[in-house]
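A.B. asks: Following is a predicted model, sequence given first.
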Amino acid sequence: MPFIPHTEADVKAMLETVGVDTVEALFDEIPAELRSDGLNELSAGLNEMEIGRLMQERAAEDGLPACFIGAGAYDHHVPAAVWEIVTRGEFYSAYTPYQAEASQGTLQLVYEYQTMIASLNGLDVSNASLYDGASALAEAVLMAVRANRKDKSRRILMPATVHPAYRQTVHTLVRNQGIELVEVPYCTGSGSTLVEALRRHERDTFAALVIPQPNFFGRLEEVDALTDWAHAHGALAIAVVNPVALALLKPPGEWGDKGADIACGEGQPLGAPLASGGPYFGFMACKQAYVRQMPGRVVGKTLDSEGRPGFTLTLQAREQHIRRSKATSNICTNQGLLAAAATIHMALLGPQGLERVAGACHANTGALVERLTQVEGVQRVFEGPVFHEAVLRLPVPVDTVIRALGAQDVLAGYPLAEDYPELENCILVCATEKHGEADIEEYGRHLERILDRNRGPACTKLRPPEGTI
Amino acid sequence: MPFIPHTEADVKAMLETVGVDTVEALFDEIPAELRSDGLNELSAGLNEMEIGRLMQERAAEDGLPACFIGAGAYDHHVPAAVWEIVTRGEFYSAYTPYQAEASQGTLQLVYEYQTMIASLNGLDVSNASLYDGASALAEAVLMAVRANRKDKSRRILMPATVHPAYRQTVHTLVRNQGIELVEVPYCTGSGSTLVEALRRHERDTFAALVIPQPNFFGRLEEVDALTDWAHAHGALAIAVVNPVALALLKPPGEWGDKGADIACGEGQPLGAPLASGGPYFGFMACKQAYVRQMPGRVVGKTLDSEGRPGFTLTLQAREQHIRRSKATSNICTNQGLLAAAATIHMALLGPQGLERVAGACHANTGALVERLTQVEGVQRVFEGPVFHEAVLRLPVPVDTVIRALGAQDVLAGYPLAEDYPELENCILVCATEKHGEADIEEYGRHLERILDRNRGPACTKLRPPEGTI
Amino acid sequence: MLIFEQSQSGRFNRAQAPAEVPPADDIPAHLRRKKRPTLPEVSELQAVRHYTRLSQKNFSIDTQFYPLGSCTMKYNPRGANAQAMLPGFLGRHPHAPASSHGQGVMACLFELQEMLKQVTGMAACSLTPMAGAQGEFAGVAMIRAWHDARGDEARSEILVPDAAHGTNPATAVMCGYKVREIPTDVSGDVDVEALREVVGPQTAGIMLTNPSTLGVFDRRILEIAKIVHEAGGLLYYDGANLNAILGKVKPGDMGFDVVHLNVHKTFSTPHGGGGPGAGPVVVSERLEPFLPVPMVDHDGREYRWVTESERPQSIGRLSAFMGNIGVLLRAYVYARMLGREGMERVAGFATLNANYLMARLQAEGFEMPFPDRRATHEFVLTLKQEAKTYGVSAMDFAKRLLDYGQHAPTAYFPLLVPECFLIEPTETESRETLDAFVAAMAAIRDEARDNPEIVTSAPHTLPVKRLDDVKAARELNLSWKPEPAA
Amino acid sequence: MLIFEQSQSGRFNRAQAPAEVPPADDIPAHLRRKKRPTLPEVSELQAVRHYTRLSQKNFSIDTQFYPLGSCTMKYNPRGANAQAMLPGFLGRHPHAPASSHGQGVMACLFELQEMLKQVTGMAACSLTPMAGAQGEFAGVAMIRAWHDARGDEARSEILVPDAAHGTNPATAVMCGYKVREIPTDVSGDVDVEALREVVGPQTAGIMLTNPSTLGVFDRRILEIAKIVHEAGGLLYYDGANLNAILGKVKPGDMGFDVVHLNVHKTFSTPHGGGGPGAGPVVVSERLEPFLPVPMVDHDGREYRWVTESERPQSIGRLSAFMGNIGVLLRAYVYARMLGREGMERVAGFATLNANYLMARLQAEGFEMPFPDRRATHEFVLTLKQEAKTYGVSAMDFAKRLLDYGQHAPTAYFPLLVPECFLIEPTETESRETLDAFVAAMAAIRDEARDNPEIVTSAPHTLPVKRLDDVKAARELNLSWKPEPAA
Ligand SMILES: Cc1ncc(COP(=O)(O)O)c(C=O)c1O
Ligand SMILES: Cc1ncc(COP(=O)(O)O)c(C=O)c1O
């Protein structure tokens, strides 16, 4: 049985020291009727060679298709250095830095992370990470409810342009505290949230307005107007942003007259591989005034007994291990290693590099949309600028196209009708800096071929073409 | 251009300090007529994302076939920890440990390596590695010529059962010093070197006899008798051994009455991936008496100025950087990182683990030979015990079979006729602990099918079956 | 030195940047960023050197003994890391079609669900919670959903023993409950009489871990289960301590209705200096309809995702996708490597190590608050005598241990034992390592007697001396700011 | 502590061992091993912890400035490591058929051959030598083969400047030649008059590097080439210093007939604490038939191996397979990442860094043996004044630099300059790093003046204090032995 170092002699000597005859005897305080007779349903152990082979086969099964899906997870280049460094044992196998003096590596790194995240968002402070973008938004909502002193409302304005899975997650995580999410519909022409849509809520009170940028459709929202509306109506403004987009887009701290109060989002685009959806990390930044309402760990700079600078966990009085039932959140373990990866990733890219990544994403998305809308019957759904992704309407059911392209190892995009029934036959497509001309052209050609076939004269209703799908 | 950190401001300030106007001015001592006009034939640089994609495509092209080739390179399981640790920057990006105090990591590791290699070979001392198994044998030959005090001969007895590429390499590396390799034929029944074959050399003098174990055919040699013959005739005994086999087989230091004098071999089976043939490493161990004749780096234990143990390069007076033209070899850079990998590999396996690996190789090779010789017309060529590999005779030309199996992603083995014209239609097949029953069965079934097809009634002369090859 | 202090304006790492493209003119100016963020401008070598050197300032399992109680700092197999990072797994988009591009990873997840059910004795599993605390949330939210589904809406309280981990009460509050604390009796078990007094129709459930964080197995667990169940409440098991009982006793058999597991403890996935972890939940049949989505099912032909549409009673989703799959893959690899025999040995050797360490420390004269109890996989030691006699606190011992090359145990938790250490050696440490820990503790005690200053001012051999936590909290400095140009 | 000292008889790491099989009874007893070798019996955690901690005791590029002259310790891109370790490359057997299972790796090797020809201005390339010294061997063996092929068997000498690297004379001897040393003139160039005197019909060739290991470019190189060629000898270029001239001047244009490259220097493959490297050779047309095999060719349809059968005049093979392919792949990735513009900048910035560092050290009062010469990519500094005045040697300076967190430059080489440092900063280091080196040197000089003891007894901050090399050589202890049972 792997990983247990005890020799027979060790066991014997140790049992003697303890004063019992067998290992089993150490369990004598467990009521006998409870003792289970082992784990017979489990299969026999595999050595590393055997499990390695199995996992290689399984990884190969999932393939390495060309991926034009975004919808909250983005396929960026990650420098090799990032994961070679964060998987170093000293980062990888350390616990949360409770013993600050023995954890300066992690602590300084988190302090650098906080600096980068705060600055990227144009806000004062950042925490050390939350689970993911969706749960970070839930925490931001809870935080806004606690923090909003003007308005004791437990209602939140939540635009329909916020990622549907985020809205669901927020609902799960806040509803037991009696918090209500009020949906704000989007403009079907522009695919964005209009200040006009908020008008009908003018007389109600809200703890916060959530503002996504870019929104789920890739569309840019009028963040200044929305932020100002929130503040004018006693609500906090919560930004949900894409950190790569922030290299190009105005940071939340500068939105409107006073800036958004809290910003959060999915950190995955900063160095985390797609990995089927996790581990990623949620980031959160806010104005200094709200720092004591922030959930999660925070690292501060201090001095040691000889006056040298050092780093330590601070503001722990917000946290569950000190405050227990009065903590700002129940979060304990967060996504430290991913935040570390993001820090190294950002250090390797620098401001110029990140800007170029954002620029390339933008340019490639433009090229993708242009190419695909050249295909007969494919149309762009919403007008106006986008980042990273755009909504297209296809002349045939989306699922058929997704399946047919999947068979060619091209992942076509995210189908929208389940979340937005009004967007039948619509697909959200995405490009990053990894999608060059050739990739886009390949997608375009495949799509042409598939649609042609499905449009054939004999075929008024769509059927899967034989053989290929 | 990547990896150069200079900003424009840096360049300006630095040029000022140097007192020139341009970087080009720094090359003013180069005669103008020599200055080249740049490297116009090279293509433009790629960023890491781009080269990464290219390399992934190329690596995928080479595939991951089931490999039944041995012939000097063996497909063993390597624990993940091995390469995760040796590619840590502190090992990976350090130079040869010239500053001992700043290199105790590498130095202690090499000391442990030397201990393991010496013990595995049953000899007193080991060096810190040589380039590969073949060049290690060349160094052993040169060393034997220097070391043999009984006999000033420059002739070496070299059995034909030594790896053909090793014999060629030795020839390249020693012939300019007037050393002659005298081939010893093998017994065509047993595929091994008989003491009788040495009889005709009884009156000549030789600096050394080379003894492979197992030999190139996988056959075990009668090492005791051969070693004793060498010593009886004033020659040193040079063992060429497989380090994994040594977990099962008698170590060179115990061969015959006095033991082999020098042992060397290919270290690849100890933690180095196949990697198309390199980097691997050559190991060398010898009796204490010959340590000053040994080529390559050696690490010794010593004390620091406070009496604590530490490690340092020693016996440097043998080496080129001190002795220059009188050095024991010109070797400088060796294969340090591979030796480090081998050390960690052996530490992870331990004596019992290595023994099990050797046992599994042996058992699987037996099973492979049994399965393949069940196929009609396939015969074992040599009688007697083998390790790792065995020679089979096929009823049809080997190349056809290799090609047909290759198309099924099975690498059938190493064809012998080029090196041993007498072994027409013969193939050297190999199994390691990685080749389980199912893999062997798959090989067997493919071979059956291919041979059946090539035996069809209409087909007396062999032609490649259409379509598949 | 901070990475920002190595930055030079205009320095640029071309290997990691795509080619420049024309400016994004289609984005209106008022939506564009004007000032670049404060990211460092360093070369690749500078970044690599900086973070490599930073890493060396950490203690970790890979470099030190790390007996942090309640955290199960066992060896994280390097093989699990390598397998989970295979390109096919890393490159897969969460929305890649399950049928054509997901069967590999889903097979692993499905089998992991099955294994977790088996080791806990429960009926159904969802892997989606992203850490222990989120698993707790899922568990208590399911308890709430169950009561709600039955129309039993008067239940407003969750019971939590005073020894419980802080996440337990915090979670209950996040689920909209009031928390009621249950005291511990003198032997370290839950005070059953006190429990009896407080249960009632307002009781939604109880959150327990067994063994408790005091490192003892609650012998009256069946009685507790009965009391709570009879009052109409459900039992939630905090699985952070599952390492103590793997293969010896199953939470399902103890009467629990829902269990969360910390795979970053029991299943040896790395803690990464603060995460990620994963906190799968397993439940008895009656709670199955409420499990968080998504889960993986096998329909006889292929693996597929189970979503809210077929689980209308689900508490919903807890993340944008399916939780920390990369962590779950590491747990899967670990579980498969151990297999039946390996899994059954975990608790035995974890317990042997803890009892051996406790016995040796006791023999050295250290005091245990529950001297008559068996240690489980961990145990509590109190330094209140040392604090009183020598003026050397548990904190001082902890800091001085660092000088001896050992990570300190969890200190000052559980809160009810003064000057305590919660010590968890885990099964992957050798006897020699435990002996070295005993030697260090004894040496520090001698120092405390002979030369207390060296202990109270420890550590002395680390990159920094003792840090001023009070200053950190008072003069908040949470991010670096460029020096104002002079 | 050594790994052997952590070993416990019977400890066994099952995760890494295949299942047991019946004993190999078919192997006769007299061929079987009786006593197990002295390999450690440790757990996986023990091994991982031990070697991780050992690694932390090293200086390396990834952690320190490493200005080791003649070694070109530049940044080793992590991306090159990742690409070279892709499963398809690592898993490929050297005898896997080229057509079906080799075109990927062979494409890289072929393109690398082409690039190396281009940057050196030579006609043909073989990648097979496994380090610089083997490249030298190949070069000199080809020179010999060329003379032999022409029947010119009287040539028995190779000329080597006194500043040359030790591998040069050692290689000449391995090729069966006598070595004749050529002195250096006062300006640091080869003494051309002395050269003229010793060339003759016995001269097989000369081994040179330009810039020389004195860090100066030999201005009379064309004259030297002419002299040697006219005497019937050939010119061999030791490419260890190619970093100095990449894109500025090509060895082919200087008149060299054969060049070896150290890809573990110029092409940034890691040195691995002692290797592996790779030492490809490139030659002019007349030496092409003699190149070592195998090489990669493209026949218009696919890549294929060129072996001895079609190169009957080849000096033969230098290894069992095709050299250090994994290293060559890293060099290939590096070369492709740099591309034309990147490659052309290497020498410029390497030279800028060296000249800047030299100028600053000169300004600090350090002495250069060739003060009127430009530095190339490296330069020599002599501490003979400091040694005389303060009794502090170059060795002492070197050891004290370690305390300042900098790896020492190459010391006492080239042999002809007393108390010298050969300093090579490389182009990947930033100006700040160079400034820190100057500051450290100046600080040590002040220490040498004010408090020489602290310098002569350095280092003080490393895992060990200064080690006793004499003892190491006198009381040879090259391997650990178990304590005899007491
Ligand atoms: C007893 C106990 N419960 C719950 C938790 C919370 O787990 P996590 O940190 O994964 O959220 C922990 C871990 O810190 C714990 O020790
Ligand atoms: C000038 C010079 N020539 C030759 C060599 C030998 O190269 P290698 O160590 O790769 O054998 C070196 C490197 O040490 C060198 O610096």
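C.D. replies: Looks like it came in fine. Ligands and ions are numbered 1, 2, ... in the order given.

A.B. asks: From here on, just use CA atoms for contacts and neighbour counts.
C.D. replies: Fine.

A.B. asks: Tell me if residue A:151 really is in a helix.
C.D. replies: No. Using DSSP: H, G, I helix; E, B strand; the rest coil, the secondary structure at residue A:151 is coil, not a helix.

A.B. asks: Against chain D, how distant is it?
C.D. replies: From residue A:151 over to chain D the distance is 52 Å, taken as CA to the nearest CA, to the nearest Å.

A.B. asks: Let me see the contact set for that residue.
C.D. replies: Residues near residue A:151 by CA atoms under 8 Å, 6 or more residues apart in numbering or on different chains: A:205-207, A:234-235.

A.B. asks: What of residue C:377?
C.D. replies: Here residue C:377 is in contact with C:215, C:241, C:243-244, C:347, C:350-355, C:424-426 (criterion: CA under 8 Å, 6+ apart).

A.B. asks: Is the nearest residue to residue A:96 once chain neighbours are set aside in a helix, a strand, or coil?
C.D. replies: Once flanking residues are discounted, residue A:96 sits nearest to residue C:274: 4.0 Å by CA to CA, 6 or more residues apart in numbering or on different chains. Three-state call for residue C:274 (three-state DSSP): coil.

A.B. asks: residues in contact with residue C:274?
C.D. replies: Residue C:274 touches A:94-97, A:333-337, counting by CA under 8 Å, 6+ apart.

A.B. asks: Would you tell me which residues of chain C are close to ligand 1?
C.D. replies: Contacts of chain C with ligand 1, taken as CA under 6 Å from any ligand atom, map to C:70-71, C:131-133, C:165, C:167, C:238, C:240, C:262, C:277.

A.B. asks: and these as a markdown table, adding secondary structure, distance to chain D and neighbour count?
C.D. replies: What follows is the residues of chain C next to ligand 1, written out as a markdown table (DSSP: H, G, I helix; E, B strand; the rest coil; distance: CA to the nearest CA, whole Å; neighbours: other CA atoms under 10 Å in any protein chain shown):
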| residue | secondary structure | distance to chain D | neighbour count |
| --- | --- | --- | --- |
| C:70 | coil | 20 | 25 |
| C:71 | coil | 17 | 25 |
| C:131 | coil | 25 | 28 |
| C:132 | helix | 25 | 30 |
| C:133 | helix | 28 | 28 |
| C:165 | coil | 28 | 26 |
| C:167 | helix | 30 | 27 |
| C:238 | strand | 28 | 29 |
| C:240 | coil | 22 | 26 |
| C:262 | coil | 21 | 30 |
| C:277 | coil | 20 | 32 |
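
A.B. asks: Taking those, tell me the two that lie furthest apart.
C.D. replies: C:165 and C:277 (16.6 Å; CA to CA).

A.B. asks: Restricting to C-alpha, output the helix or strand of chain A with the lowest mean pLDDT in CSV.
C.D. replies: In chain A, the helix or strand scored least confidently by mean pLDDT, DSSP states H and E is helix A:320-323, which has a mean of 80. What follows is helix A:320-323, C-alpha atoms only, in CSV (Å, rounded to 0.1, in the frame of the first residue of the first chain):
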residue,chain,number,x,y,z
GLN,A,320,-14.6,32.2,10.3
HIS,A,321,-11.7,30.8,12.3
ILE,A,322,-11.8,33.9,14.6
ARG,A,323,-15.3,35.2,14.2
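
A.B. asks: If you count neighbours, what's buried in it?
C.D. replies: A:320-321, A:323 (16 or more other CA atoms under 10 Å in any protein chain shown).

A.B. asks: Please look at residue C:327 and residue A:279 and confirm they touch.
C.D. replies: Yes. Between residue C:327 and residue A:279 there is a contact at 6.9 Å, judged by CA atoms under 8 Å.

A.B. asks: Need the residues touching each of those two.
C.D. replies: Joint contacts of residue C:327 and residue A:279 (CA under 8 Å, 6+ apart) are residue C:276.

A.B. asks: a strand runs through residue A:310, doesn't it?
C.D. replies: Yes. The assignment for residue A:310 by three-state DSSP puts it in a strand.

A.B. asks: count of neighbours near it?
C.D. replies: The number of residues packed near residue A:310 is 22, by other CA atoms under 10 Å in any protein chain shown.

A.B. asks: swap in residue C:317?
C.D. replies: 29.

A.B. asks: Tell me the bridge partners for it.
C.D. replies: Beta-bridge partners recorded for residue C:317 (DSSP bridges): residue C:293.

A.B. asks: In chain A, which residue sits closest to ligand 2?
C.D. replies: residue A:81 (25.6 Å; CA to the nearest ligand atom).

A.B. asks: Leaving out chain neighbours, which residue sits closest to that residue?
C.D. replies: Nearest one to residue A:81, counting by CA to CA, 6+ apart, is residue D:78 at 5.2 Å.
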